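Trainee: Coordinates only, no sequence provided:
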């Protein structure tokens, strides 16, 4: 069972190409992370962007230029241990690959950012619904009208995920996710999507639409995709990210990141 | 009364040299911050040091090179609005001045870090003792034996503050300060000082010793002085910090920084 694999076992499978699919549901209880690699020339500004926008861009680990073994997963290699990567050149998606050893040069700085998988486990444990899991879809993601705080030339609108639930469940979801401040934390909005500049809930910019049942309201959390928009908001020669859903699985446990 | 001044009024007094003393007790309820300015060549590594050591170095604001008006205090100028500054050259303290307009050049990056004054107000409100305030002393600060995570060439031992209290009060203090995760948060240690490499509680490296009464135990919090040791751990041509106790007073309220 993928859920019972240790992170080290999963990374080994990935490195040997025995595992090439998304990591959702794998290594249950361990922290999965968004990856952004970029040239050191803009690394200060990108780090600044993350510090200024901690809810969408919660920093789990940042590596010195040319280093690819993160402190949160000794023995791992960020160039080979994710199932799928995206390569951006001059701000434009060029290709998807299964290994970036040939791309990730000594001037690249790697950033690992928290991901909502961490609090989804806690929500499920609290009996809260996660509709996209029930419907076997990707979570709905929307580009809002809210500008993040820029950093140097880097800018992005805030991207959010949405999970529908009853108002009573939304109160409990605030409590449960507040503990996970390094994996997006409490919601950024509840209810009317127009207040945050989302036009149509049935047409997410990323992921799939999900069913909103009578009596349910949409609940919105800051989303790590924001960091990818920021990283590609200027025409850098090279930016490398994970492919959606194909995350880096660390040795940290979700509980290691809770504040309470 | 200094406690009733608005941050803008206090900063104006400081800029006009009508206020030259420490800021402890001024503008009650508003966030006071540690200042570190350093050349942009090491700014990425210093930012990385703070991200890797968030308990001693909680980032409140970081400014682009040559910018001195922080987002957390519109209209302020970091070169003139602190009562006293320290100037380090090649890692060594050279002088203390009341204005750094002549020193802070366009290649300097300014960092504002959280300070324990924020949670001290909350502790007092909860009826917890703060011995150094009772005894009108500076808080006791110690250099522990614990290494922070380095970043590039920057290193430091963890520096802590200490406040004595009963075990029952210590439990309450954990609860109260946990909310203030951007101003050092929960204690890093309780009890035996030798476990964290402190030899003699009566001889703090910075600040003053305070009375520990029978039945009390020392409670230790991460301290922002750690950031000054890291910033001066390599011989940079220029590092500017606030002088101890002479903090930057922002427009943020302490409550703005709480997680719960």
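Mentor: Thanks, I have the structure now. The shown structure was predicted, so the numbers you read here are calculated from the model rather than taken from an experiment. Numbering: from 1, shown residues only, chains lettered A, B, ... in the order given.
Trainee: ok, residue A:215 to residue A:209 distance?
Mentor: Between residue A:215 and residue A:209 the computed distance is 18 Å (C-beta to C-beta, to the nearest Å). C-betas here are computed from N, CA, C, even on glycine.
Trainee: Also residue A:8?
Mentor: For residue A:8, the distance to residue A:209 - C-beta to C-beta - is 36 Å.
Trainee: for residue A:102, same thing?
Mentor: Look at residue A:102 and residue A:209: by C-beta to C-beta, they are 37 Å apart.
Trainee: Neighbour count: residue A:215 and residue A:209, which is higher?
Mentor: Using other C-beta atoms under 10 Å in any protein chain shown as the criterion, residue A:215 and residue A:209 rank with residue A:209 on top: 16 against 10.
Trainee: Which pLDDT value belongs to residue A:80?
Mentor: With respect to pLDDT, residue A:80 has a value of 98.
Trainee: residues of stretch A:86-98 that come out buried?
Mentor: The neighbour-count check on stretch A:86-98 (16 or more other C-beta atoms under 10 Å in any protein chain shown) flags A:86, A:87, A:88 as buried.
Trainee: interface residues of chain A facing chain B?
Mentor: Within chain A, the residues that sit near chain B (C-beta under 8 Å from any C-beta of the partner chain) are A:40, A:43-44, A:47-48, A:51-52, A:59, A:62, A:64, A:71, A:149, A:151-152, A:178, A:181, A:185, A:259-260.
Trainee: try 10 Å this time
Mentor: A:40, A:43-48, A:50-52, A:54, A:59-65, A:71, A:109, A:111, A:149-152, A:175, A:178-179, A:181-182, A:185-186, A:259-260 (C-beta under 10 Å from any C-beta of the partner chain).
Trainee: I figured residue A:233 was touching residue A:91, is that so?
Mentor: Yes - with contact defined as C-beta atoms under 10 Å, residue A:233 and residue A:91 form a contacting pair (7.1 Å).
Trainee: any idea how far residue A:107 lies from residue A:154?
Mentor: As judged by C-beta to C-beta, residue A:107 and residue A:154 stand 18 Å apart.
Trainee: Same question for residue A:176.
Mentor: Residue A:176 is 32 Å from residue A:154, where distance means C-beta to C-beta.
Trainee: Give me the more crowded residue out of those two.
Mentor: Neighbours of residue A:176 and residue A:154, each counted by other C-beta under 10 Å, are more numerous for residue A:154; the result is 25 against 19.
Trainee: what's the pLDDT at residue A:235?
Mentor: For residue A:235, the pLDDT comes out at 96.
Trainee: Residue A:121 now?
Mentor: Per-residue pLDDT puts residue A:121 at 86.
Trainee: do residue A:115 as well
Mentor: You'll see residue A:115 listed with a pLDDT of 93.
Trainee: Which positions are bridged to the nearest residue to it once chain neighbours are set aside in the beta structure?
Mentor: With C-beta to C-beta, 6 or more residues apart in numbering or on different chains as the criterion, residue A:115 has its nearest non-adjacent residue at 4.9 Å, and that residue is residue A:32. Under DSSP bridges, the beta-bridge partners of residue A:32 are residue A:249.
Trainee: what are the ranges of the strands in chain A?
Mentor: With DSSP state E, the ranges of strands along chain A come out as A:30-39, A:59-62, A:85-89, A:92-97, A:108-114, A:140-147, A:157-165, A:189-190, A:217-222, A:239-242, A:248-253.
Trainee: Save these as a markdown table, and put in distance to residue B:237 too.
Mentor: Formatted as a markdown table, the strands of chain A follow (distance: least, C-beta to C-beta, whole Å):
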| stretch | distance to residue B:237 |
| --- | --- |
| strand A:30-39 | 26 |
| strand A:59-62 | 25 |
| strand A:85-89 | 36 |
| strand A:92-97 | 40 |
| strand A:108-114 | 24 |
| strand A:140-147 | 36 |
| strand A:157-165 | 39 |
| strand A:189-190 | 46 |
| strand A:217-222 | 39 |
| strand A:239-242 | 33 |
| strand A:248-253 | 38 |
